[in-house]
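Visitor: Give me coordinates for this.
(one chain, ligands or ions: 2)
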Amino acid sequence: MKDLTMSLYCGITRRRKSFWCCRLLSTYVTKTRYLSELKEDDDACKKAQQTGAFYLFHNLAPLLQKSEHQYLAPQHSLLASLQKPEMETELKGSFIGLRKALFQLNVKDASLLSTAQALLRWHDAHQFCSRSGQPTKKNVAGSKRVCPSNKIIYYPQMTPVVITLVSDGTRCLLARQSSFPKGMYSALAGFCDIGESLEEAVRREVAEEVGLEVERLQYSASQHWPFPNGALMIACHATVKPGQTEIQVNLRELEAAAWFSHDEVATALRKDNPSYQQQNGAFPFWLPPKLAIAHQLIKEWVEKPTCSILPA
Ligand SMILES: NC(=O)c1ccc[n+]([C@@H]2O[C@H](COP(=O)([O-])OP(=O)(O)OC[C@H]3O[C@@H](n4cnc5c(N)ncnc54)[C@H](O)[C@@H]3O)[C@@H](O)[C@H]2O)c1
Ligand SMILES: [Mg+2]
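Guide: Numbers count the residues shown, from 1 in each chain. Ligands and ions are numbered 1, 2, ... in the order given. Have a look, this model is predicted:
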């Protein structure tokens, strides 16, 4: 049971929320303060776990149930000690890689499982203090690890990534990496360098990947992304100067990049993800699924291609 116990992720949030709803006491502030208390108070957290709901993971894969074209993420109360195969049989599910299942989960489960997996992965990779080399100790909530010998506290981290939809006023620029599913194009993405502002990261990534200079940019939204190690995706719209639109693809980073018309993109947005090969051997053009922030950015542009954008 040890490996499974280590991988339980507690969903106390949900159980507690419904409890408060029943009593009409629920406010965002009350819930937030309660969760903050659980992070610091091991005894309060242990008590909450007795009535909490858990997602179950094995080797970072969540236990899911397949239902037609969807995956369901069942929650459990504290479980008896069982090995993986018995656990799957008992709970009528299987441990499935999150990458495979993410886009077939509902929004709430996808978000909680992504958070859970990122946190479990961080704990797995931070077993030892980088200063003393001693094993670190997790608190009950899993919100930090402490080195017992020098008291250094380690908090879970995520990496900022910018994702930018570049437009020239009438068309938008989409690109693909060779690792993307065949035919899928997306907005430009890249890790922020240390010391950079969001605006600087957007300008650098666009210049590095497609050889264009951003003239104006506008923040759109952000999203936690669990792969590869927990990223905060920060999504922006950007424009380049009219007449300065010649793409120079950086082939070390991208397989292809091109300008797409409003009609082409609007049509692709209406389609499901067709990863089938056409008779001529090509794969049809398609866009990231609804849950991905890239999809939201592209949808925003299709709905309002000339939205006001600030100078970069
Ligand atoms: N394009 C999309 O639609 C999309 C959507 C969702 C998520 N993402 C994510 O955005 C992330 C960044 O995109 P990218 O791969 O184009 O980044 P990128 O353009 O910065 O290129 C990746 C390269 O940058 C280097 N690098 C610099 N800092 C790094 C760091 N902190 N971690 C890892 N590598 C680092 C590595 O050499 C790596 O090979 C990817 O991990 C991807 O999962 C992209
Ligand atoms: Mg990139």
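Visitor: Show me what residue 175 bridges to in the sheet.
Guide: On the basis of DSSP bridges, residue 175 is bridged to residue 186, residue 257.
Visitor: I'd say it and residue 209 touch.
Guide: Yes - in this structure residue 175 lies within contact range of residue 209 using C-beta atoms under 8 Å: 6.8 Å. Heads up, the C-betas are built off the backbone N, CA and C, glycines and all.
Visitor: Find residues that contact each of these two.
Guide: Common neighbours of residue 175 and residue 209, using C-beta atoms under 8 Å, 6 or more residues apart in numbering, are 188, 249, 254, 257.
Visitor: Now, of those residues, which are buried?
Guide: The neighbour-count test (16 or more other C-beta atoms under 10 Å) marks 188, 254, 257 as buried among those.
Visitor: can you pull the contacts of the first one?
Guide: Counting by C-beta under 8 Å, 6+ apart, residue 188 makes contact with 163, 164, 165, 166, 173, 175, 205, 206, 209, 210, 257.
Visitor: hang on, the earlier thing: farthest pair within the shared contacts of residue 175 and residue 209?
Guide: 188 and 249 (10.8 Å; C-beta to C-beta).
Visitor: Name the residues contacting each of the two.
Guide: 175, 209, 210, 257.
Visitor: which of those residues lies closest to residue 231?
Guide: residue 209 (16.9 Å).
Visitor: Show me what the helix or strand containing that closest one is packed against.
Guide: Taking DSSP states H and E as the criterion, residue 209 maps to helix 198-210. The criterion is 3 or more C-beta pairs under 8 Å, 6 or more residues apart in numbering; DSSP states H and E, and the helices and strands that helix 198-210 contacts are strand 159-167, strand 171-176, strand 188-191, strand 214-225, strand 231-240.
Visitor: Just the residues contacting that helix, thanks.
Guide: Counting by C-beta under 8 Å, 6+ apart, 160, 162, 164, 166, 173, 175, 188-190, 192-193, 196, 212-214, 217, 219, 234, 236, 238, 240, 247-250, 253-254, 257, 312 sit against helix 198-210.
Visitor: Redo the shared contacts of residue 175 and residue 209 as TSV? Include distance to ligand 2 and pLDDT.
Guide: TSV is the format used below for the shared contacts of residue 175 and residue 209 (distance: C-beta to the ion, whole Å; pLDDT from 0 to 100):
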residue	distance to ligand 2	pLDDT
188	6	98
249	11	98
254	7	98
257	10	98
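Visitor: Could I get those in TSV, plus columns for distance to residue 42?
Guide: What follows is the shared contacts of residue 175 and residue 209, written out as TSV (distance: C-beta to C-beta, whole Å):
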residue	distance to residue 42
188	44
249	52
254	47
257	50
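Visitor: contacts with ligand 1 among those, please.
Guide: Among the shared contacts of residue 175 and residue 209, not one lies near ligand 1 by C-beta under 6 Å from any ligand atom.
Visitor: Which of the residues you listed sits closest to residue 155?
Guide: residue 188 (29.8 Å).
Visitor: now the contacts of helix 198-210: which count as buried?
Guide: 162, 164, 166, 173, 175, 188-190, 192, 196, 212, 214, 217, 234, 236, 238, 240, 247, 253-254, 257, 312.
Visitor: Contacts only, for the residue sitting nearest the centre point of the chain.
Guide: Closest residue to the average C-alpha location of the chain: residue 225 at 1.5 Å, with C-alpha atoms, centre = their mean. Counting by C-beta under 8 Å, 6+ apart, residue 225 makes contact with 114, 161, 231, 232, 233, 293.
Visitor: at 10 Å what do you get?
Guide: Applying C-beta atoms under 10 Å, 6 or more residues apart in numbering, we find residue 225 in contact with 102, 114, 118, 158-159, 161, 163, 189, 231-233, 292-293.
Visitor: For PyMOL, what selects the buried ones among the residues you listed?
Guide: Of the contacts of residue 225, the buried ones go into a single PyMOL selection, burial set by 16+ other C-beta under 10 Å:
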select buried, resi 102+114+118+158+161+163+189+231+233+292+293
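Visitor: Tell me who's in contact with the spatially closest residue to residue 129 that is not a sequence neighbour.
Guide: Leaving aside its sequence neighbours, residue 129 sits nearest to residue 147 (C-beta to C-beta, 6 or more residues apart in numbering; 3.6 Å). Neighbouring residues of residue 147 by C-beta under 10 Å, 6+ apart: 128, 129, 130, 131, 132, 133, 134, 135, 136, 137, 153, 154.
Visitor: for residue 294, same thing?
Guide: Contacts of residue 294 by C-beta under 10 Å, 6+ apart are 163-165, 174, 184-189, 223, 233, 235, 287-288.
Visitor: From residue 186, how far out is residue 162?
Guide: 13 Å (C-beta to C-beta, to the nearest Å).
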